[in-house]
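Visitor: Generate a structure from the sequence data that follows.
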Amino acid sequence: AQTEAPPGLCYGATDVGVPAGASWAVARRVAPALGADVAIRHSPLRRCAELARAIGVLRPGLEVHADGRLAEMDFGAWEGRAWSSIDRVEFDAWTGDFANARAGLHGESTRAFMQRVGEAFDEARRSGREALWVTHAGVIRAAQLLERGVRCVERADQWSATAVGFGECVTLEL
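Guide: Numbers count the residues shown, from 1 in each chain. Purely as a prediction, here's the structure:
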């Protein structure tokens, strides 16, 4: 669901909430479409956990579990700041060594982010079960790359610029 964060704010690991009732509106749209044996995994951040719990209430027979590997990327010192206020030199240093540089000086590298999402992706693939991940745009983009066999993104221009909308459902074939 749409978060309470103002537009243009950098928040990955920051635990922003969603307006009251917003998660339920999305859950009522998603829950009826799920199969009988779907494993629901979600980011532990409130903006995903609330939605996953709402789906679980609407579909009480489905298992719902938090998975820290599905949390959004940690943007370090940039968290909670407007993207437009981030020093261009810092940003260019991150995108210049996109795989290894830590976002926001002490946040997460893209390599580490892809590795942790990749662990969850591989586990889901091995399970052979249908799964619903309630997660973030960055995790969705990482999963799309993993689906295509990309385990590490070396350059910033290899990262998907395609927007993932709030409440959007993206289907991947594992």
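Visitor: who touches Val38 in this structure?
Guide: Contacts for Val38 (Cβ atoms under 8 Å, 6 or more residues apart in numbering) come out as Leu62, Arg129, Glu130, Ala131, Leu132. Glycine gets a C-beta too; all of them are placed from N, C-alpha and C.
Visitor: Tell me the one of those residues nearest Gly149?
Guide: Gly149 has its nearest neighbour among the contacts of Val38 in Ala131, at 19.0 Å by Cβ to Cβ.
Visitor: Helices of the chain, residue ranges please.
Guide: For the chain, the helices defined by DSSP state H occupy 22-30, 46-58, 88-96, 110-127, 137-147.
Visitor: Out of those helices, which gets nearest to Glu72?
Guide: Between Glu72 and the helices of the chain, the shortest separation by Cβ to Cβ is 5.2 Å, and it involves helix 137-147.
Visitor: If you count contacts, what does the closest one end up packed against?
Guide: When contacts are defined as 3 or more Cβ pairs under 8 Å, 6 or more residues apart in numbering; DSSP states H and E, helix 137-147 sits against helix 110-127, strand 131-134.
Visitor: and the angle from it to helix 110-127?
Guide: Per axes from the mean of the first three to the mean of the last three Cα atoms, to 10 degrees, the angle that helix 137-147 makes with helix 110-127 is 60 degrees.
Visitor: So for helix 137-147, what gets flagged as buried?
Guide: Neighbour-count burial for helix 137-147, counted by 16 or more other Cβ atoms under 10 Å, picks out Ala137, Gly138, Val139, Ile140, Arg141, Ala142, Ala143, Leu145, Leu146.
Visitor: Show me the contact partners of it.
Guide: Helix 137-147 is contacted by residues 12, 43, 70-73, 113-114, 117-118, 121, 133, 153, 159-160, 162-164, 170, 172-174 when judged by Cβ under 8 Å, 6+ apart.
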